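Asks: quick one, structure for this:
(one chain, ligands or ions: 1)
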Amino acid sequence: MTARSTGSPSGSPSGRPGPASSRTTPPPGATVPEPSGPDRRDLDLKLADYDGCFGCGDQSSDGLRVKQTGITGTEVTGEFTVLEAHQGAPGLAHGGVLATAMDESLGSSAWVLGKRYVTGRLETDFMAPVPVGSTVYLRSWCTGVDGRKAYLQGEGRIGGPDGPIAVRAAALFIEVPEEHFSREREG
Ligand SMILES: CCCCCCCCCCCC(=O)SCCNC(=O)CCNC(=O)[C@H](O)C(C)(C)COP(=O)(O)OP(=O)(O)OC[C@H]1O[C@@H](n2cnc3c(N)ncnc32)[C@H](O)[C@@H]1OP(=O)(O)O
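Replies: Residues are numbered from 1 along each chain as shown. Got it, this is the predicted structure:
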């Protein structure tokens, strides 16, 4: 399983500390399980059923339409293009849009673990402005699972999959039962 770290102060190109706080860092003893989620063919099928998602769905005209491009272990790659509708400052992606893209990417990595997870906490570092028209290359991976808690990290690069990091994120996802989603809809 590949899981390049973006986290250590010494390993960061900017010299900034990594994105994970104590609440998004797995405790000692947490492990990264072998993914037990659906394989690639099932992923395509499930994503096709999920058209309303602001992050990845095709029905949301101003949505991000993140396309997943690969899965290796818990590492999921994807990409999306920043549209004018995604601006914050003129000509630049809104930070919330980039956070949403990271939530989508991290959520996909959690999903391949084979259980139902929702985002409990999402931390982001914005490293560089992202112009409208840019393709953002997303990558997320699991750093540990401890009971219902899954810890994930991710990054978004511009200029190519190995380009500079524009945004990076760390998150805590919480496993929920199936009823979570029907209950939320009724509320
Ligand atoms: C189709 C293919 C698609 C595949 C791709 C899909 C990509 C989709 C990506 C989008 C993902 C989303 O945006 S999901 C939508 C945004 N998120 C949500 O709507 C979640 C809203 N929040 C909740 O529903 C709830 O707060 C939960 C489920 C997160 C937790 O509630 P709960 O089940 O009652 O559990 P609770 O006891 O509170 O918490 C369990 C443990 O987690 C800890 N914990 C909970 N929240 C936090 C937190 N923010 N920071 C630190 N720790 C936390 C607690 O302290 C506790 O630790 P301990 O005491 O056990 O130690």
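Asks: residue contacts, Phe173?
Replies: Listed by Cβ atoms under 8 Å, 6 or more residues apart in numbering, the contact set of Phe173 reads 106-107, 110, 117-120, 149-152. Every residue, glycine included, has its C-beta placed from N, CA and C.
Asks: stretch 170-181 near the ligand at all?
Replies: Yes: Stretch 170-181 lies within reach of the ligand by Cβ under 6 Å from any ligand atom, at 172, 174, 176.
Asks: which one of these is nearest the ligand?
Replies: Distance to the ligand across those (Cβ to the nearest ligand atom) is lowest for Ile174, with 3.9 Å.
Asks: which SS state does the closest one fall under?
Replies: strand (DSSP: H, G, I helix; E, B strand; the rest coil).
Asks: do you know how far the nearest residue to it once chain neighbours are set aside is from Gly163?
Replies: Counting by Cβ to Cβ, 6 or more residues apart in numbering, Gly120 is the residue found nearest to Ile174 once chain neighbours are left out, at 4.4 Å. Going from Gly120 to Gly163 by Cβ to Cβ, to the nearest Å gives 30 Å.
Asks: next, format the residues of stretch 170-181 next to the ligand as JSON lines and append pLDDT and neighbour count.
Replies: Shown next, in JSON lines, are the residues of stretch 170-181 next to the ligand (pLDDT from 0 to 100; neighbours: other Cβ atoms under 10 Å):
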{"residue": "Leu172", "pLDDT": "98", "neighbour count": "23"}
{"residue": "Ile174", "pLDDT": "98", "neighbour count": "16"}
{"residue": "Val176", "pLDDT": "94", "neighbour count": "16"}
